[in-house]
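Undergrad: I would like to see how this sequence folds:
(one chain, ligands or ions: 1)
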Amino acid sequence: MKKIAVIGAQWGDEGKGKIVNYFSKNYDWVARFSGGSNAGHTIFFKDKKYVNHLLPSISLETQSKGYLGSGMVIDLVQMGKELSTLEKDFQGISARFYLDLQASLVLPWNKQEDEFFESQRSEPVGTTKRGIGPAYTDKTSREGLRVYDLLDINRLKIKLSELYSMKKKLYGQAITSSDMQVYDELMEGFNFIKSLKVNLMTSIELYHMLDTQSILFEGAQGVMLDIDCGTYPFVTSSTCTAHGVNSFGLSVTELDEVYAVVKAYTTRVGEGPFPTEDSSDKGTILREKGLEFGATTGRPRRTGWLDLPSLRYAILKSKITKLVLTKADVLNGFDEVKICTHYEIDNNNQDIPYSTKDFSIAKPVYVNLKGWHDLKDKTFEEYLLFIEKNLGIKVEFVSYGPKTDEIFKR
Ligand code: IMP
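TA: Sure thing, here's the model as predicted:
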């Protein structure tokens, strides 16, 4: 059956939640393969807004199911809060969510470590302070806990006591919760989501269903925040490319389509290189018109122009096959719209950045295209054709507002 991925191709906040939600009514499953409550996916149902951080953006119109994959880091308390909000309007919806037994847990200590690391860095990353980096650190150092660890209470208590003394030795006063406090919080969160009838499952069981059921993989953040190919160290700690589907036993080449969601301009929240950043009045207009404030932290986003070299890079790195352009309406009314066509790096023109260093020293080279007042204007179509010609793939959808139906197919 059909399998697609919808990922972000910039630095996150491209509007993936809305696009996933637009597609999701045609899929049996919406699965997340990475990240945690650092994401902020906004969806609308009958003019009411819902912001999910952890839960996949399942369709609220159909009976689609949501899967939280083993590559994710789960904050159980946050998961319970999001489910409670949805339950108020959609009673029983929690039973449509499936949590992978192999997913990693975010422990209260991880949030304390996130604060501590940021306070010690001479160049902070600007994290969301949701404990994401430290939870992935625990995972790769093999100290992490997974959902199935909550099923063996005796072993869990031993493991938490070991972890507590280890973390206390490493981080001293930054660690403020005892092992028993962490145990209580974990069990409270776990018992609560179980009381709402969330299902526990494994990706192999899901894999076997995919012969007869369709799936949409929902990426989190964006390619430029990917732990391997993003602007390291100013990245998140997980896979943001479509290759994250490997934790489901799939290869990206088995997907029917990899849609990249791309904002008609560029934003970034947090620190790190951003070649097309515009700190002038025009950047402020983009922030204000586009309501560019973080869905997770409320921080103002940095703003700038569409960056084709970084998109070429993202297309290569994530096997992107089609584009969905969002927030096109925010550019309505500009006399001229800038697009970066290539970078100048060490006095040489470069079409595609090769390394993280390239991103930090790249000077953007722009063309100015004629602006538009309305998306039906010819100049907007010319803008789209310019993008397609330069990137070599199609802009299949254009989104022009936050509501699910504010979108057209070309
Ligand atoms: P962390 O994921 O909280 O560790 O934050 C690492 C970097 O990724 C910071 O610059 C965050 O602002 C950024 N980041 C994490 N999640 C998102 C997101 O969903 N949208 C945009 N930026 C994000």
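
Undergrad: mind listing what Ser34 touches?
TA: Neighbour list for Ser34: 69, 71-72, 219-220, 238-240, 244 [criterion: CB atoms under 8 Å, 6 or more residues apart in numbering]. Every C-beta, even on glycine, is put in place using the N, C-alpha and C of the backbone.

Undergrad: how about the residues of the stretch 1-150 of the chain near the ligand?
TA: With CB under 6 Å from any ligand atom as the criterion, the stretch 1-150 of the chain meets the ligand at residues 11-13, 38-40, 125-128, 130, 132-133.

Undergrad: my bad, should have said the stretch 151-300 of the chain
TA: 221, 225, 234, 236-237, 269-270.

Undergrad: quick one: which of the residues you listed is nearest to the ligand?
TA: Nearest to the ligand among these, counting by CB to the nearest ligand atom, is Gly270 at 2.1 Å.

Undergrad: So how do I select the buried members of the contacts of Ser34 in PyMOL?
TA: Here is the PyMOL command that selects only those of the contacts of Ser34 that count as buried (16 or more other CB atoms under 10 Å):
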select buried, resi 69+71+72+219+220+238+239+240+244
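
Undergrad: hmm, which two among the contacts of Ser34 are most spread apart?
TA: The largest separation in those, counting by CB to CB, is between Gly69 and Cys240 at 13.7 Å.

Undergrad: Can you tell me the SS state at the residue sitting furthest away from the middle of the chain?
TA: Distance from the centre of the chain peaks at Asn154, with 35.1 Å (CA atoms, centre = their mean). The three-state assignment at Asn154 reads helix, by DSSP: H, G, I helix; E, B strand; the rest coil.

Undergrad: And it, how close does it get to Gln102?
TA: 20 Å (CB to CB, to the nearest Å).

Undergrad: Below-threshold pLDDT in the stretch 151-300 of the chain: ranges please.
TA: Across the stretch 151-300 of the chain, no stretch falls below the confidence threshold (pLDDT under 70).

Undergrad: Helices along that one, start to end?
TA: Along the stretch 151-300 of the chain, counting by DSSP state H, counting those that start in this stretch, helices occupy 153-171, 179-195, 203-209, 281-289.

Undergrad: Apart from its chain neighbours, what residue comes closest to Glu123?
TA: Leaving aside its sequence neighbours, Glu123 sits nearest to Glu271 (CB to CB, 6 or more residues apart in numbering; 6.8 Å).

Undergrad: same thing with Glu218?
TA: Distances taken as CB to CB, 6+ apart place Val20 nearest to Glu218, at 4.7 Å, with adjacent residues excluded.

Undergrad: tell me which element that neighbour is part of?
TA: Using DSSP states H and E, Val20 sits in helix 16-24.

Undergrad: Can you spell out which helices and strands pack onto that helix?
TA: strand 3-8, strand 41-45, strand 215-218, strand 257-263, strand 322-326, strand 394-399, strand 407-409 (3 or more CB pairs under 8 Å, 6 or more residues apart in numbering; DSSP states H and E).

Undergrad: okay, these, which one's buried deepest?
TA: Highest mean neighbour count of the helices and strands packed on helix 16-24: strand 215-218, a mean of 28 (counted as mean count of other CB atoms under 10 Å).

Undergrad: contact partners of that strand?
TA: So strand 215-218 is in contact with 1-6, 16, 20, 23-24, 27-33, 41, 56-57, 206, 242, 244-245, 248, 255, going by CB under 8 Å, 6+ apart.

Undergrad: how about stretch 118-133: buried residues?
TA: 125-128, 130-133.

Undergrad: Could you export those residues as JSON lines, including secondary structure and pLDDT?
TA: Formatted as JSON lines, those follow (DSSP: H, G, I helix; E, B strand; the rest coil; pLDDT from 0 to 100):
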{"residue": "Val125", "secondary structure": "coil", "pLDDT": "93"}
{"residue": "Gly126", "secondary structure": "coil", "pLDDT": "92"}
{"residue": "Thr127", "secondary structure": "coil", "pLDDT": "95"}
{"residue": "Thr128", "secondary structure": "coil", "pLDDT": "93"}
{"residue": "Arg130", "secondary structure": "coil", "pLDDT": "97"}
{"residue": "Gly131", "secondary structure": "coil", "pLDDT": "98"}
{"residue": "Ile132", "secondary structure": "helix", "pLDDT": "98"}
{"residue": "Gly133", "secondary structure": "helix", "pLDDT": "98"}
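
Undergrad: Report the two members of these separated by the largest distance.
TA: Across the buried residues of stretch 118-133, no pair lies farther apart than Gly126 and Gly131, at 15.0 Å, counting by CB to CB.

Undergrad: give the contact list for the closest residue to the ligand within the stretch 1-150 of the chain.
TA: In the stretch 1-150 of the chain, no residue comes nearer to the ligand than Gly12, which is 2.8 Å away by CB to the nearest ligand atom. Neighbouring residues of Gly12 by CB under 8 Å, 6+ apart: 39, 220-222, 225, 240, 269.

Undergrad: can you tell me which two in the residues of the stretch 1-150 of the chain next to the ligand are farthest apart?
TA: Farthest pair in those (CB to CB) is Asp13 and Gly133. Separation: 18.7 Å.

Undergrad: how far away is the spatially most central residue of the chain from Thr239?
TA: In the chain, the C-alpha nearest the mean C-alpha coordinate belongs to Ala220, at 1.9 Å (CA atoms, centre = their mean). Separation of Ala220 from Thr239 (CB to CB): 9 Å.

Undergrad: now the contacts of strand 215-218: which count as buried?
TA: Among these, the ones that count as buried by 16+ other CB under 10 Å are 3-6, 16, 20, 23-24, 27-33, 41, 56-57, 206, 242, 244-245, 248, 255.

Undergrad: Give me the nearest residue to Ile361, chain neighbours excluded.
TA: Distances taken as CB to CB, 6+ apart place Ile345 nearest to Ile361, at 6.0 Å, with adjacent residues excluded.

Undergrad: Against the ligand, how distant is the one you found?
TA: According to CB to the nearest ligand atom, to the nearest Å, Ile345 and the ligand sit 23 Å apart.

Undergrad: surely that residue meets Ser360?
TA: No. Ile345 lies out of contact with Ser360 (CB atoms under 8 Å); the separation is 10.0 Å.

Undergrad: Return the distance of the biggest strand by length in the chain from the chain's centre.
TA: In the chain, taking DSSP state E as the definition, the longest strand is strand 336-345. How far strand 336-345 lies from its chain's middle: 25 Å, per CA atoms, centre = their mean, to the nearest Å.
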